[in-house]
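Asker: I would like the atomic coordinates for the input below:
(one chain, ligands or ions: 2)
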Amino acid sequence: MSRPYKLLVERAHQIVQISNTRQRFLKGKEMNDLVVLQGDKGGYSILVNRDGFIADVDTSEVISAKYDICDVDVVIDATGQCILPGFVDAHTHPVWAGDRVYEFAMKLAGATYMDIHKMGGGIHFTASQTRQADKEGLFASLRDRLAQMVQSGTTLVECKSGYGLDLENEVKMLKVIERARKEGGVDISITYCGAHAVPAGQTAQEATDDVIRNQIPHIRRLMEAGELQVDNIDVFCELGVFDLNQSRDILKAGKDIGLQINFHGEELHRLNSAEMGAELQAHAISHLEEISESGIEAMASSGSVAVVLPTTAYTLRLKPPPVRAMIDSGVTVALGSDYNPNAHCLAMPLVMNLACVTMKMSMPEALVAATLNAAHALGKSESHGSLEVGKVGNMVLVTAPSWEHLIYQMGSHNNLIRRVIWRGQTVYHKH
Ligand SMILES: N=CN[C@@H](CCC(=O)O)C(=O)O
Ligand SMILES: [Zn+2]
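Answerer: Ligands and ions are numbered 1, 2, ... in the order given. Here you go, the predicted model:
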């Protein structure tokens with residue numbers, strides 16, 4: 001007979017639970033009130049059941065008195081380590097072929113993101129490379145990128161399509177992501193982003209019509225047939241890409257087939273897409289570098305999560321989004337790496353460091369934004385984002401005097417992260 005518990009991690013000197021009252025997200029000042037277990041000489045333990053869910057969190061003394069060690073498959077001694085929830089990366093574009101290191105050089109020399117996009121580079125370049133790539137090659141590179149994310153502590157990641165830009169290639173990308181999701185080792189939220197750029201030879205309206213009349217209905221059929229699971233609908237709402245009305249129509253069509261609205265807004269120009277998204281009760285809006293005060297108010301009232309992406313402003317030398325004003329106004333703020341060929345960052349610890357320095361977040365705020373609030377942006381905070389009984393046993397073990405070192409020691413996460421656990425199973429171990 002199999003044992004009732006899959007894993008016991010014991011004797012950690014800190015467990016950062018984030019919350020212990022099943023809050024779905026933290027806003028405003030609450031973001032600085034993390035629940036951290038520390039101070040007990042014998043340390044703290046987490047027990048994970050056979051199905052990969054947390055069964056108990058307490059001092060190691062209490063846990064060893066309550067449970068019989070013979071009922072546990074694997075016991076890990078976490079002496080000298082801190083335990084954090086697995087990170088949630090709320091915005092990535094991880095399926096693509098062909099790098100853009102050459103464009104990075106152009107941007108360093110003064111070209112803007114949109115200069116390159118208009119010349120047929122940027123998303124267009126990546127789309128032409130990705131269209132030529134076969135599923136096997138795309139899957140192999142996705143798997144490698146996901147492994148690097150996991151090594152950096154990510155255990156739930158949002159993955160977008162968006163470099164296909166036609167039905168065949170968007171479906172190809174979604175199926176590649178679906179295969180990775182089924183393979184496991186990391187939890188994935190899948191986003192259809194067919195409206196990521198206007199394909200060459202089409203107007204934005206023609207592309208909008210194709211997405212609404214052709215692509216979305218086909219995706220719905222694949223979902224109904226059980227061939228695909230798609231969770232979110234996205235669009236790049238931007239001057240020269242999809243305008244406010246086109247974006248609204250695309251998002252509504254996605255919502256009509258049951259997808260959560262989660263889109264790119266207010267990045268380079270203010271189009272009042274934050275207000276539009278709030279009106280549609282968007283789950284999340286990403287970027288928001290150009291959001292207005294009324295956009296902030298609208299998102300605070302609708303409860304739409306602001307997914308801020310420090311690597312974008314850093315790479316493109318943009319003004320960062322007004323995160324302090326968002327937090328002070330009661331917007332729920334989450335973080336994403338924005339991993340894509342323009343911003344080549346797979347590591348949430350580095351994203352948190354950038355968020356603290358460039359967006360003026362505190363370390364507890366950054367951690368909440370990279371765990372519980374990011375899970376909420378994906379509609380998954382009931383099961384992910386904090387270390388509480390009943391949630392998935394996704395965690396990161398860090399060798400450091402306190403959890404803050406993972407943010408403070410920028411770029412050293414690969415030395416500090418000792419182990420990453422997904423649903424009670426070790427998916428990365430540094431020997
Ligand atoms: N802004 C739109 N989409 C991506 C960039 C994609 C790309 O440049 O390939 C982003 O979130 O930054
Ligand atoms: Zn993006």
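Asker: ok, how many other residues are close to Cys49?
Answerer: I think there's a mix-up here, since residue 49 is Asn and not Cys. Number of residues near Asn49 (other CB atoms under 10 Å) recorded here: 19. Yep, even glycine has a C-beta here, placed from its N, CA and C like the rest.
Asker: and what of Leu309?
Answerer: With other CB under 10 Å as criterion, Leu309 counts 32.
Asker: Provide a list of residues in contact with it.
Answerer: When contacts are counted by CB atoms under 8 Å, 6 or more residues apart in numbering, Leu309 touches His91, Ser286, His287, Leu335, Gly336, Ser337, Asp338, Ala343, Val351.
Asker: near ligand 1, from those?
Answerer: Counting by CB under 6 Å from any ligand atom, Asp338, Ala343 from the contacts of Leu309 sit close to ligand 1.
Asker: turn the contacts of Leu309 into JSON lines, columns for pLDDT, neighbour count and distance to Lys160.
Answerer: What follows is the contacts of Leu309, written out as JSON lines (pLDDT from 0 to 100; neighbours: other CB atoms under 10 Å; distance: CB to CB, whole Å):
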{"residue": "His91", "pLDDT": "99", "neighbour count": "31", "distance to Lys160": "8"}
{"residue": "Ser286", "pLDDT": "98", "neighbour count": "28", "distance to Lys160": "10"}
{"residue": "His287", "pLDDT": "98", "neighbour count": "28", "distance to Lys160": "13"}
{"residue": "Leu335", "pLDDT": "99", "neighbour count": "34", "distance to Lys160": "16"}
{"residue": "Gly336", "pLDDT": "99", "neighbour count": "27", "distance to Lys160": "10"}
{"residue": "Ser337", "pLDDT": "98", "neighbour count": "31", "distance to Lys160": "12"}
{"residue": "Asp338", "pLDDT": "98", "neighbour count": "27", "distance to Lys160": "10"}
{"residue": "Ala343", "pLDDT": "97", "neighbour count": "20", "distance to Lys160": "13"}
{"residue": "Val351", "pLDDT": "98", "neighbour count": "31", "distance to Lys160": "17"}
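Asker: looking at the contacts of Leu309, which is nearest ligand 1?
Answerer: Asp338 (4.9 Å; CB to the nearest ligand atom).
Asker: isn't that closest one up against His344?
Answerer: No - using CB atoms under 8 Å, Asp338 is not in contact with His344, being 9.8 Å away.
Asker: and what about the closest residue to ligand 1 within the stretch 201-350 of the chain, helix, strand or coil?
Answerer: Proximity of the stretch 201-350 of the chain to ligand 1 (CB to the nearest ligand atom) peaks at Asn342, 3.6 Å away. At Asn342 the chain is in coil, as set by DSSP: H, G, I helix; E, B strand; the rest coil.
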